[in-house]
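> can't give you the sequence, but here's the structure:
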């Protein structure tokens, strides 16, 4: 069964050149909320960072790239 409340959603693509940043980010505590578009659909993501200062810094740079692809952001280290 596709779609509906039990359907599987789209997986975030590993090729960031296909993901377009749609609108400015929001910061809530240490998390960034951002919207991207891929496969002709819009998706909202929540990215938790180590602290609010880091979230604000990353959100600032993502906001500069609205309308561009996520690969333009470049790489940054993530502590997993």
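Perfect, I can see it now. In this text, all values refer to a predicted model and were calculated from it rather than measured experimentally. Residues are numbered from 1 along each chain as shown.
> just the helices in the chain please.
52-63 (DSSP state H).
> which parts of the chain are strands?
20-28, 31-38, 41-48 (DSSP state E).
> partners of the last one, with directions?
With DSSP bridges as the test, strand 41-48 is paired with strand 31-38 (antiparallel).
> re earlier: tell me which of the strands of the chain lies nearest to residue 69.
Proximity to residue 69 (CB to CB) singles out strand 20-28 among the strands of the chain, at 5.7 Å. Bear in mind the C-beta positions are built from the backbone N, C-alpha and C, glycine included.
> pull out the buried positions in that closest one.
By neighbour count with 16 or more other CB atoms under 10 Å, strand 20-28 contains the buried residues 20-21, 25, 27.
> okay, the residues you listed in CSV with distance to residue 63 next?
As requested, the buried residues of strand 20-28 are exported to CSV (distance: CB to CB, whole Å):
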residue, distance to residue 63
20, 14
21, 8
25, 6
27, 10
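> closest to residue 66 out of the strands of the chain?
Comparing the strands of the chain by CB to CB, strand 20-28 comes nearest, at 5.3 Å.
> what mean pLDDT does the closest one have?
For strand 20-28, the mean pLDDT works out to 88.
> count of neighbours near residue 19?
21 (other CB atoms under 10 Å).
> please disregard the earlier target; I meant residue 42.
Residue 42 has 11 nearby residues by other CB under 10 Å.
> that one contacts residue 21, correct?
No. Residue 42 sits out of contact with residue 21 when judged by CB atoms under 8 Å, with a separation of 11.0 Å.
> shared neighbours of these two, anything?
Counting by CB atoms under 8 Å, 6 or more residues apart in numbering, the residues touching both residue 42 and residue 21 are 35-36.
> now residue 38: how far from residue 19?
Distance of residue 38 to residue 19, computed by CB to CB, to the nearest Å: 5 Å.
> ok, back up a step: to residue 67, which of the strands of the chain lies closest?
strand 20-28 (6.9 Å).
> quick one: that closest one to strand 41-48, angle?
Here the directions of strand 20-28 and strand 41-48 differ by 40 degrees (axes from the mean of the first three to the mean of the last three CA atoms, to 10 degrees).
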